[in-house]
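Colleague: Pasting the sequence and the predicted coordinates here, then a few questions.
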Amino acid sequence: MNKSWRCYLTFGFLLVVGLPEISTTALAQPAKKKLTINLRVYNYAQVPEKILSEAEKEVREVLRKIGVETCWLHQSSGKNQLEFLCRRPKNSSGLDLNISMPPRSTVKTMVEHLGRQDDVFGLSPRSKDKPGHLAYVFYHRVEEFLRAQNLHEHKARILGLAIAHEIGHLLLPSNAHSRKGIMRPVWERQDFRFAIRSNLGFTPKQAELIRSEVLRRSTLNPEVP
């Protein structure tokens, strides 16, 4: 596997002293045109509806704080069509991205070439020449890890931040990991404390890059019915 598109999130649980302060999400300047990401969710892992809804709310707030709105589209149960859960704002530009939550049975095969197993919670394939449009989030890995650390009650929030992290990989340059904020490559004890308080977000520079990339890759589309 080409390392150029290995964009993934790991959760470490090392107790580190003197971690740099984690930044709160940067507020973006108001834009004349609303930026919207249309997120198509494929819930193959059968994440409970309540957990998924709360996780999506977390993602929505993280991106809204940097000036990007989200429209969630779900694959309807037993159908081949998508269920639209929002209406695209008028005069908005929409970028289509996909979030897949594969079942436990397929995750091992997907990540075995990375050379690591238990600490991989997400994967966003991309290349240097072609931006990514699909992110994988491994729900059962998040669930099992948080249960083992007695943080199970915060599962929806952490899942949402994991999704936001992978969205960051789809929109930021290939070297998107940072020393602080939501794009840290390994989340440790202090990161979880910040995450539980909803204080993890993108840095001001990342916010600027994400807005520019959404605008660049967006096209004007008819309003979603």
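Modeller: It's in. Numbering: from 1, shown residues only.
Colleague: Sketch out the low-pLDDT regions of the protein for me.
Modeller: Residues of the chain that meet the criterion pLDDT under 70 lie in 1-33, 75-93, 113-119, 198, 219-225.
Colleague: where do the helices sit along it?
Modeller: Using DSSP state H, the helices found in the chain span residues 49-64, 104-111, 139-148, 155-171, 189-196, 204-217.
Colleague: most tightly surrounded among those helices?
Modeller: Ranked by mean neighbour count, the helices of the chain are led by helix 155-171 with a mean of 24 (mean count of other C-beta atoms under 10 Å). Every residue, glycine included, has its C-beta placed from N, CA and C.
Colleague: circling back to that earlier point, could you dump the helices of the chain to JSON lines with distance to Pro131?
Modeller: Below are these laid out as JSON lines (distance: least, C-beta to C-beta, whole Å):
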{"stretch": "helix 49-64", "distance to Pro131": "17"}
{"stretch": "helix 104-111", "distance to Pro131": "20"}
{"stretch": "helix 139-148", "distance to Pro131": "24"}
{"stretch": "helix 155-171", "distance to Pro131": "7"}
{"stretch": "helix 189-196", "distance to Pro131": "27"}
{"stretch": "helix 204-217", "distance to Pro131": "7"}
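Colleague: Go through those helices and name the closest to Ser127.
Modeller: Between Ser127 and the helices of the chain, the shortest gap by C-beta to C-beta is with helix 155-171, which sits at 12.2 Å.
Colleague: helices and strands around that closest one, which ones?
Modeller: With contacts defined as 3 or more C-beta pairs under 8 Å, 6 or more residues apart in numbering; DSSP states H and E, the packing partners of helix 155-171 are strand 8-11, helix 49-64, strand 92-100, strand 120-123, strand 134-137, helix 139-148, helix 189-196, helix 204-217.
Colleague: and His177, which of the helices of the chain is closest to it?
Modeller: Counting by C-beta to C-beta, His177 lies closest to helix 155-171 out of these; the figure is 8.8 Å.
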